[in-house]
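**Q** I would like the atomic coordinates for the input below:
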Amino acid sequence: MEVVPIEIFGVHVEVPFPTPLSYKNADIDEFGAKLCDPVKGLSLRPDQVRLKRWDDLFGYELSAQFFGDNGTLTRTPASVKLGVRNARTAGDWNIIRDSLVRFYNLMDFDPKSLTTLSTHAHARFPTAEERDSWLADFSHSPLIARAAALGHVQIADWEKDIRVLIEQSNVVPDSVFIMWDTQFANDQEWETFLGSLPTMMDNAANFFEIGFEPLREKV
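**A** Model (predicted):
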């Protein structure tokens, strides 16, 4: 099995609402204030939160950018999304995990609702030749110019299938890009559950004979 370091990673979650929420029923003014709460919210500054509104019923979109524009939050009548990209270290992961825990506690979703989760990572091989040799194991035809891997896997303690895509990274030299897509019910003990996401990613990738070194403390 190849064990490689992660150079860049990110997390994105989306939760559709059971029915569209009107501006009035969504309590958008209160929600925006809660996002700025330094204790229970995401500790955003008011200037980081913006609202577009063009109708009194469903015509609104609240958005926020943070972590140097690497973090985004979008709330519409149909869903709410939170994402963080360009993370690199163990410290970055701790910040993402804390933000996700605060987000889920703040939203207090219906336990029957589902989150769609997408995570990704760029993992570097020692050389481009070693990366290409490893990817070649997934090629079954000389006509394939760039080999890639795609599969749906199941791991212990995870209810849903996990879709895993692995291909050459176009961002980090000598690296592969790996993406995980899955779902989970919003009835978790968030601190423990969200802290397990790196383990889920590693266990799912292991089916493809690749694993990851511990995240670095510093860049």
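**Q** okay, CA-based contacts and neighbour counts for the rest of this
**A** OK.
**Q** Quick one, grab the pLDDT at Ile144.
**A** pLDDT for Ile144: 69.
**Q** same thing with the one 3 residues further on?
**A** The pLDDT attached to Ala147 in the predicted structure is 89.
**Q** same check, this time on Trp54
**A** So, for Trp54, pLDDT stands at 97.
**Q** Might one say that it is in contact with Leu62?
**A** No: using C-alpha atoms under 8 Å, Trp54 makes no contact with Leu62, being 11.9 Å away.
**Q** neighbour-wise, which of the two wins?
**A** Neighbours were counted for Trp54 and for Leu62 using other C-alpha atoms under 10 Å; Leu62 has more, 19 against 10.
**Q** And that one, which helix or strand is it part of?
**A** In this assignment (DSSP states H and E), Leu62 forms part of strand 60-66.
**Q** Same question for Gly10.
**A** Assigned by DSSP H and E, Gly10 belongs to strand 6-16.
**Q** Sketch out the strands for the chain, chain order is fine.
**A** Applying DSSP state E to the chain gives strands spanning 2-4, 6-16, 49-53, 60-66, 71-75, 79-87, 114-124, 149-153, 162-168, 175-185, 210-212.
**Q** Who are the packing partners of the fifth one?
**A** Secondary structure elements in contact with strand 71-75, counted by 3 or more C-alpha pairs under 8 Å, 6 or more residues apart in numbering; DSSP states H and E, are strand 60-66, strand 79-87.
**Q** contacting residues around the longest helix along the chain?
**A** Of all segments of type helix in the chain, defined using DSSP state H, the longest is helix 90-107. Residues outside helix 90-107 that contact it (C-alpha atoms under 8 Å, 6 or more residues apart in numbering): 34, 40-42, 84, 87, 190-191, 194-195, 214-218.
**Q** ok, now which ones touch Gly10?
**A** Gly83, Val84, Arg85, Asn86, Ala87, Thr119, His120, Ala121.
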